[in-house]
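**Student:** My questions concern the predicted model and sequence given below.
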Amino acid sequence: MTRQSGAQRSERLFTQPAATAPSALVPIPQPRPIEHRGAERVIPLWNQIYQGDTLEIMRNWEDGVFHACITDPPYNIAAKRKGLSWAFSSHVTMAEEWDRYDLQGYEGFTRDWLEQVARVVKPNGNIFIFGSYHNIYLIGAVAQRMNLRIVNSIVWAKPNAQPNITCRMFTESTEQILWLCNNDTDHAKNWTFNYKAMKELNHGKQMRNFWEIPVTPKREREHGKHPAQKPLALMERLVLAGTNESELVLDCFSGSGSTLVACEVFKRRWVGIERDSNYNELARQRLAAYRSQRRLD
C-alpha cells in the first residue's frame with residue numbers, strides 16, 4: 001500500500017463524506033497518569049475536554065505545557081443586541097449569552113485568557129486565534145501590548161456565506177485568523193510552519209494567506225449544532241500547518257470540537273476547555289464517530 005503524505009490525507013479528508021455516527025459513544029482513551037508538580041499547578045490530562053471556566057481551569061496548569069493553541073473565542077457579536085432576522089430566512093445573527101460583553105469587559109476578558117494561553121504554551125509555540133471585524137482588531141491590539149510576535153494574518157473566505165440581512169453594506173463573507181508566535185518580538189524564532197506540506201496541499205505552489213473554504217457542511221452537524229462551528233477542512237489545514245505529530249494542542253474555547261477532531265486526524269494530542277455541557281457532548285460524539293470511521297479505514 002502506498003503511504004500518503006499528510007497533505008494528501010488532508011486533501012482526501014476535505015472531500016470525503018463523513019461516516020454515519022455509531023449508536024454507542026466510543027470511550028476516549030486514557031492518557032498516562034497525571035504528573036503533579038508542586039502544591040498548586042498540575043499538567044492537564046491530554047485527549048480530554050475540561051468543562052468549566054477557561055480562566056479558572058488554565059490557572060491550575062503548569063507553565064509551558066502545550067506546543068500550540070488553536071482557538072475560536074467569543075466574538076462579542078451579540079453585545080447588547082437581541083439578534084436580527086428577516087422574512088426570507090430562518091437565520092438570526094449571534095444572540096448567545098456567552099457572546100455578550102461590554103467593550104471594557106471584553107477587552108479585559110481577552111487580555112486575561114491570552115495571558116494564560118501565553119503562559120501555558122511553550123516559548124515560540126504557535127497561537128492561532130479566530131475573529132471577525134467585530135473583535136480581531138482588539139485582539140491584535142492586546143497581543144501587541146503583550147509584545148507577542150504577529151507572524152501572519154490569515155483570511156478565511158466563505159464562498160457560500162450567509163446573505164446580508166440589512167442590505168446596507170457588503171455581504172460579510174470572511175473571518176480572520178491571527179497567527180502569533182509565543183515570544184516577544186525581539187526573541188521570537190523557530191516557530192513551526194510546515195511549508196512543504198502546505199505547498200503540496202496547494203498543488204506545488206506556495207500557499208497564500210487567503211483560504212477559500214465553504215462554511216461548515218451539513219454532514220459535520222449531524223450530531224448537533226453550534227452557532228460558531230468551523231469547518232473541519234479549515235481546522236485540519238491549521239493543525240497541519242502549525243503543529244507536528246504527537247505534539248500537544250490546546251483549544252481553550254473548544255465548542256463543538258472541530259480543533260480536537262482535526263488533531264485526531266493528524267495524530268496530535270489535544271486538550272479542550274468548554275463550559276457548556278451540551279457542546280461538550282456534541283464534541284465527544286464527533287470524536288467517537290471519527291474514531292469509529294478510522295477503525296473501519
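**Tutor:** Yep, that arrived.
**Student:** My guess is Met207 contacts Met198. True?
**Tutor:** Yes. Contact criterion C-beta atoms under 8 Å: Met207 and Met198 qualify, at 4.1 Å. Quick note: C-beta positions are derived from backbone N, CA and C, even for glycine.
**Student:** By mean pLDDT, point me to the weakest helix or strand of this protein.
**Tutor:** Sorting the helices and strands of the chain by mean pLDDT, DSSP states H and E puts helix 6-15 at the bottom, at a mean of 39.
**Student:** what are the ranges of the helices in the stretch 1-150 of the chain?
**Tutor:** Assigned by DSSP state H, counting those that start in this stretch, the stretch 1-150 of the chain shows helices spanning 6-15, 54-58, 103-120, 136-145.
**Student:** In CSV, list the ones you listed along with mean neighbour count and distance to Arg168.
**Tutor:** Formatted as CSV, the helices of the stretch 1-150 of the chain follow (neighbours: other C-beta atoms under 10 Å; distance: least, C-beta to C-beta, whole Å):
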stretch, mean neighbour count, distance to Arg168
helix 6-15, 16, 35
helix 54-58, 18, 35
helix 103-120, 17, 23
helix 136-145, 16, 21
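**Student:** which one of the ones you listed has the lowest average pLDDT?
**Tutor:** Of all the helices of the stretch 1-150 of the chain, mean pLDDT reaches its minimum on helix 6-15 (a mean of 39).
**Student:** any weak-confidence spans in the stretch 51-200 of the chain?
**Tutor:** 78-103 (pLDDT under 70).
**Student:** All the strands of it, in order from the start?
**Tutor:** Secondary structure of the stretch 51-200 of the chain, counting by DSSP state E, counting those that start in this stretch: strands at 66-71, 121-131, 148-157, 174-184.
**Student:** Please identify the deepest-packed of the ones you listed.
**Tutor:** With neighbours defined as mean count of other C-beta atoms under 10 Å, the strands of the stretch 51-200 of the chain peak in mean count at strand 66-71, which reaches a mean of 25.
**Student:** Please list all residues in contact with the closest residue to Ser256 other than its chain neighbours.
**Tutor:** Nearest non-adjacent residue to Ser256, counting by C-beta to C-beta, 6 or more residues apart in numbering: His226, 3.8 Å away. If you count contacts by C-beta atoms under 8 Å, 6 or more residues apart in numbering, His226 has them with 255-256, 279, 282.
**Student:** thinking again about what came up before, would you tell me which of the helices of the stretch 1-150 of the chain gets closest to Leu296?
**Tutor:** Among the helices of the stretch 1-150 of the chain, helix 6-15 comes nearest to Leu296, with 14.2 Å by C-beta to C-beta.
**Student:** So the nearest residue to Gln51 once chain neighbours are set aside, which state does it fall into?
**Tutor:** Nearest non-adjacent residue to Gln51, counting by C-beta to C-beta, 6+ apart: Asn280, 5.5 Å away. Under DSSP: H, G, I helix; E, B strand; the rest coil, Asn280 falls in the helix class.
**Student:** isn't Asn280 right up against Ile49?
**Tutor:** Yes. Asn280 lies in contact with Ile49 (C-beta under 8 Å); the separation is 5.3 Å.
**Student:** shared neighbours, those two?
**Tutor:** Common neighbours of Asn280 and Ile49 (C-beta under 8 Å, 6+ apart) are 254, 274.
**Student:** Am I right that Trp211 is in a strand?
**Tutor:** Yes. Trp211 sits within a strand when classified using three-state DSSP.
**Student:** Tell me who's in contact with the closest residue to it other than its chain neighbours.
**Tutor:** Of all residues not flanking Trp211 in the chain, Trp156 sits nearest, at 5.4 Å (C-beta to C-beta, 6+ apart). For Trp156, the contact set (C-beta under 8 Å, 6+ apart) comprises 174-177, 211, 213, 234.
**Student:** For those residues, give me TSV that also has distance to Asp72.
**Tutor:** TSV is the format used below for the contacts of Trp156 (distance: C-beta to C-beta, whole Å):
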residue	distance to Asp72
Thr174	15
Glu175	9
Gln176	12
Ile177	9
Trp211	15
Ile213	14
Leu234	10
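**Student:** between those, which is closest to Val151?
**Tutor:** Nearest to Val151 among these: Ile177, at 10.8 Å, using C-beta to C-beta.
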